[in-house]
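A.B. asks: How does the following fold in three dimensions:
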Amino acid sequence: MSPDSPTLLPSDSGAANDWIDLLQMQARCRGEQICFSLLADGSTVSQQISFAELDLRARALAVSLSRQVEAGDRVMLLMPNGIDYIVGFFATLYAGLIAVTAYPPQHKKRDWGRISGMVQDCDARLVLCSAAQHDKVAQWLQAEAAGCPLQVVGTELLAEAQHWQKPVLADNALAYLQYSSGSTGAPKGVMLSHANLLHNVATIVQEYQMDSADRFVSWLPMYHDMGFVGGVLAPLFAGAQTWLIPPPVALQTPFLWLKAISDLAATVSGGPNFIFEHCVARISEAQKAELDLSRWRCAVNGAEPIHAQTLAQFNQAFARAGLDEKTLKPSYGMAETCLFVSAVAADEGYRTVQLDDALLGQGRVVEVAEGGVQQASSGRLNARLQVQIVGPDTGVPVAADQVGEIWIRSASVAAGYWNKPEISAQTFNQTLNGEPGYLRTGDLGFVLDNQLYVCGRRKEMLIVNGRNHYPQDIEATVQTLDADLSDHGAAVFELTEGREPAVVLVQELSRRGSRRDDLDTLITGIRQVVAQVHEISLAAVVLIAPVSLAKTTSGKIQRLRCREQYQAGELRVVAQWQQAAESVQVTTAELLPALVAGDALAIEQWVLGWIAVRLDVSVESLEPTLELVASGLDSVDALTLTHELAQGLNRELLPDLIWDYPTVHQLAAHLAQPITEAVESDAALLEGEI
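C.D. replies: Now for the predicted structure:
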């Protein structure tokens, strides 16, 4: 850290009792220094504010708010990213109120219901908006929240600031409600206190070695924990300057995000894994030549599952732009801990491990030299947060080589969910080894060499044929198949209503893809690649219209919401395939050609017919040269086929027979041999002679 840049450290926690103290301290120390600048078009400063101006406007607006509502009331922030949002947030705190971070209701079908649900859940007593959003917010208020007053940020009288008095705050006073993104269930308001936020932000500043010399660029939505805690509170705590880019600008043209980092000599910026994927896919070589990323020292990758392949591709793509290989900082966190749990240290690069895929599916962590699945670490454990890996069904810590649920105990952990005592009791203040206060994250992971590895959400995890599968892995596999399958546009989920769990894939198409006339072939390819890579036989594949997949406002895939839409028939379907019901399969199976021992052609036709029935495709679409592992059959299907062949031919067959004879033609030729020759051939395979 710069010796002439006084920055609040975790050891200085007594210097600020709350976020009012902290901002006023920065206003005294750095009054005229610009703290936030808005790049409305992604490149030109359209508005800015200093620490002193932020404090002044917050005090003035707080006086107005205090005249309308009572201390402890909830105030909705319905504004887009910008300086007014930050002023509104701190004015709410300065008035002794509880902020509720949200966004303006733009689209009736998409936004109104969720925001209205938040207003009702927290019993909001006041709404803040910016002047540009006034009419839309007023229209929503009239229709959905009549009686809730509306205040426009920016109309406050600065002279009123002299009448402000600091509210008396309890030790556990709430600062704001962070509504969960809703990726795995109904939104819930996480109760974040001043103390929670001070502890967590101090930890962030310490781990990333941030100080007032740092230069932040943030495009992340302010209603999201990473966008507000990481993009607003952390730089304010460090006394640093931040440039804000509207999220739509960065998402539409990710080059503008990296260009701002380059032009402003930014040192800290980041986002979810998908924005790094967008940069790799959508920034041209000519654009890369314009970039200088040599001063970017901290590129935080968090808020969703991190793909090791994305990290490697990003490093490779922008190495010539001066990107240091240590810049990428995979991290892990959640709203329930304010934001931060673990991260790659400031002076280190990220780590990856190669793990035995089959054993990982059984919940075991075993490193292999090659051929395994690659996992990226989410950083080292931090002493300020106790992390334990716990059996999700036993509540007991698991062995070091086991995957379990991540539990956390820390002063950063929130008190619970607003007005939801039953759900809070299931998640917060859990007891482990006689110590209360643990948070059950619902995330699965493991610790290796003091590094935390996150595997996925427990609620979204699939268990197929006794193996654990993480939906993001299957989604990533599918999206490598064809350019018309939208990146970050798939949802894999499990239906458990039937006798056997059924795995469904919903995938967005590109605009070009939605006009293709070979979507049946594309669906077949999807089923085949999932079976080949993951040994899962999909029960349904649904291709949907562009930009119609259920996601949270921060871009997370809502897999459980997508499942609800699938079951209710609410998806915007372009093409789909669904496995026939079991009763139909049995009826069709009776029509298969005769299975004749010793007749290679008859066996070949029977196997092709069996696969066609199993996968519900026409037999004409299958060729004898088809590799069985690429047909769309999973491991259970393979065993079933072997069993039925053994019964039909009245002979014993090795369980892994179809892996030894990979095509239908080769399998049929082997099975047509006299039994003695076939047995000798099988024995030779077992002994490794051929």
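A.B. asks: and G271, how far is that from G31?
C.D. replies: The spacing between G271 and G31, counted by Cβ to Cβ, to the nearest Å, is 31 Å. For every residue, glycine as well, the C-beta is placed using N, CA and C.
A.B. asks: between these two, who's got more neighbours?
C.D. replies: Neighbours were tallied for G271 and for G31 using other Cβ atoms under 10 Å; the higher tally belongs to G271 (29 against 13).
A.B. asks: In contact with the closest residue to the more buried one other than its chain neighbours, which residues?
C.D. replies: The shortest distance from G271 to any non-neighbouring residue, by Cβ to Cβ, 6 or more residues apart in numbering, is to L220 (6.0 Å). Taking Cβ atoms under 8 Å, 6 or more residues apart in numbering, we find L220 in contact with 226-227, 230-231, 247, 270-271, 554.
A.B. asks: same question, Q430
C.D. replies: With contacts taken as Cβ under 8 Å, 6+ apart, Q430 has the following neighbours: 395, 407, 436-440.
A.B. asks: ok, the residue nearest to T337 when sequence neighbours are not counted to H278 distance?
C.D. replies: Spatially, and ignoring its direct neighbours in sequence, T337 is nearest to S412 (4.7 Å; Cβ to Cβ, 6+ apart). Between S412 and H278 the distance is 30 Å, computed by Cβ to Cβ.
A.B. asks: More neighbours: the two, which one.
C.D. replies: When neighbours are counted by other Cβ under 10 Å, S412 and H278 differ, and S412 comes out ahead with 28 against 20.
A.B. asks: Now do the SS call for the more buried one.
C.D. replies: When the structure is reduced to helix, strand and coil (DSSP: H, G, I helix; E, B strand; the rest coil), S412 reads as coil.
A.B. asks: Kindly state the pLDDT recorded for it?
C.D. replies: pLDDT, the model's per-residue confidence, is 97 for S412.
A.B. asks: residue contacts, it?
C.D. replies: Contacts here follow Cβ under 8 Å, 6+ apart; on that basis S412 touches 196, 199-200, 203, 337-338, 340, 384-385.
A.B. asks: now the helices for the stretch 101-250 of the chain?
C.D. replies: Per DSSP state H, counting those that start in this stretch, the stretch 101-250 of the chain carries helices over the ranges 113-122, 134-144, 194-207, 225, 234-238, 247-252.
A.B. asks: next one: the stretch 451-600 of the chain
C.D. replies: Shown for the stretch 451-600 of the chain, the helices assigned by DSSP H, counting those that start in this stretch span residues 471-478, 519-534, 559-568, 582-589, 600-615.
A.B. asks: So what would you say the end-to-end distance of stretch 540-548 is?
C.D. replies: 18 Å (Cα to Cα, to the nearest Å).
A.B. asks: heads up, I number from 59, so please use that
C.D. replies: Sounds good: first residue 59 from here, last item stretch 598-606.
A.B. asks: Report the mean confidence score over that stretch.
C.D. replies: Model confidence over stretch 598-606, given as mean pLDDT, is 94.
A.B. asks: Which positions in that stretch come out as buried?
C.D. replies: The neighbour-count check on stretch 598-606 (16 or more other Cβ atoms under 10 Å) flags 598-602, 604, 606 as buried.
A.B. asks: Need the max-distance pair from these.
C.D. replies: Largest separation among those by Cβ to Cβ: A598 and P604, giving 19.9 Å.
A.B. asks: Not counting residues beside it along the chain, what's closest to A727?
C.D. replies: Distance criterion Cβ to Cβ, 6+ apart; nearest residue to A727, sequence neighbours excluded, is A658 at 5.2 Å.
A.B. asks: Now do the contacts for the one you found.
C.D. replies: For A658, the contacting residues are 726-727, 729-730, by Cβ under 8 Å, 6+ apart.
A.B. asks: Considering those residues, which possesses the most neighbours?
C.D. replies: For the contacts of A658, counting by other Cβ under 10 Å, the largest number of neighbours falls to L729: 26 neighbours.
A.B. asks: Can you list phi and psi of it for me?
C.D. replies: L729 adopts backbone torsions of phi -70, psi -20, taken as degrees, to the nearest 10.
A.B. asks: Just confirm it contacts E710, I think it does.
C.D. replies: No - with contact defined as Cβ atoms under 8 Å, L729 and E710 do not form a contacting pair (12.0 Å).
A.B. asks: Distance from stretch 677-691 to the middle of the chain?
C.D. replies: From the chain centre to the centre of stretch 677-691 is a distance of 35 Å (Cα atoms, centre = their mean, to the nearest Å).
A.B. asks: Which segments of the protein make up each domain?
C.D. replies: For the chain, the domain assignment from automatic domain parsing gives the residue ranges 75-88+109-268+279-297, 415-515, 520-637, 642-744.
A.B. asks: most neighbours per residue, which of those?
C.D. replies: For these, average neighbour numbers computed from mean count of other Cβ atoms under 10 Å are highest in domain 75-88+109-268+279-297, which has a mean of 20.
A.B. asks: and that domain, what's its mean pLDDT?
C.D. replies: Mean predicted confidence for domain 75-88+109-268+279-297 is 92.
A.B. asks: do the same with stretch 681-695
C.D. replies: So the average pLDDT for stretch 681-695 ends up being 70.
A.B. asks: Between the helices of the stretch 159-308 of the chain, which one is closest to A231.
C.D. replies: Across the helices of the stretch 159-308 of the chain, A231 has its closest neighbour in helix 252-265 (5.6 Å, Cβ to Cβ).
A.B. asks: quick revisit: if I look at the residue nearest to G329, how far off is P305?
C.D. replies: Shown here: L278 relative to P305, a distance of 7 Å by Cβ to Cβ.
A.B. asks: Kindly indicate which of the buried residues of stretch 598-606 lies nearest Q663.
C.D. replies: Closest approach to Q663 among the buried residues of stretch 598-606 (Cβ to Cβ): V599, at 26.6 Å.
A.B. asks: On the strand side of things, show who the closest one bridges to.
C.D. replies: Counting by DSSP bridges, V599 forms beta bridges with L563, W635.
A.B. asks: and if you look at L235?
C.D. replies: Beta-bridge partners of L235, as defined by DSSP bridges: V158, M249.
A.B. asks: Quick check, it in contact with V177.
C.D. replies: No - with contact defined as Cβ under 8 Å, L235 does not count as touching V177 (11.3 Å).
A.B. asks: For T325, give me its contacts.
C.D. replies: Counting by Cβ under 8 Å, 6+ apart, the residues that T325 touches are 271-274, 353-356.
A.B. asks: Out of these, which end up buried?
C.D. replies: Buried residues within the contacts of T325, defined by neighbour count using 16+ other Cβ under 10 Å: 272-274, 354-356.
A.B. asks: CA-only coordinates of stretch 174-193, as CSV, when you get a sec.
C.D. replies: What follows is the C-alpha trace of stretch 174-193 in CSV, where atoms were taken according to Å, rounded to 0.1, in the frame of the first residue of the first chain:
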residue,chain,number,x,y,z
SER,A,174,-44.0,-5.6,-6.0
GLY,A,175,-43.2,-8.8,-4.1
MET,A,176,-40.2,-7.1,-2.6
VAL,A,177,-42.2,-4.1,-1.6
GLN,A,178,-44.8,-6.3,0.1
ASP,A,179,-42.3,-8.5,1.8
CYS,A,180,-40.3,-5.7,3.4
ASP,A,181,-43.4,-3.4,3.9
ALA,A,182,-41.6,-0.5,2.2
ARG,A,183,-42.8,3.0,3.3
LEU,A,184,-41.0,5.1,0.7
VAL,A,185,-39.6,4.8,-2.8
LEU,A,186,-36.6,6.7,-4.2
CYS,A,187,-36.0,7.1,-7.9
SER,A,188,-34.0,9.3,-10.3
ALA,A,189,-35.7,12.0,-12.4
ALA,A,190,-35.3,10.0,-15.6
GLN,A,191,-37.2,7.1,-14.2
HIS,A,192,-39.9,9.1,-12.4
ASP,A,193,-42.8,8.4,-14.9
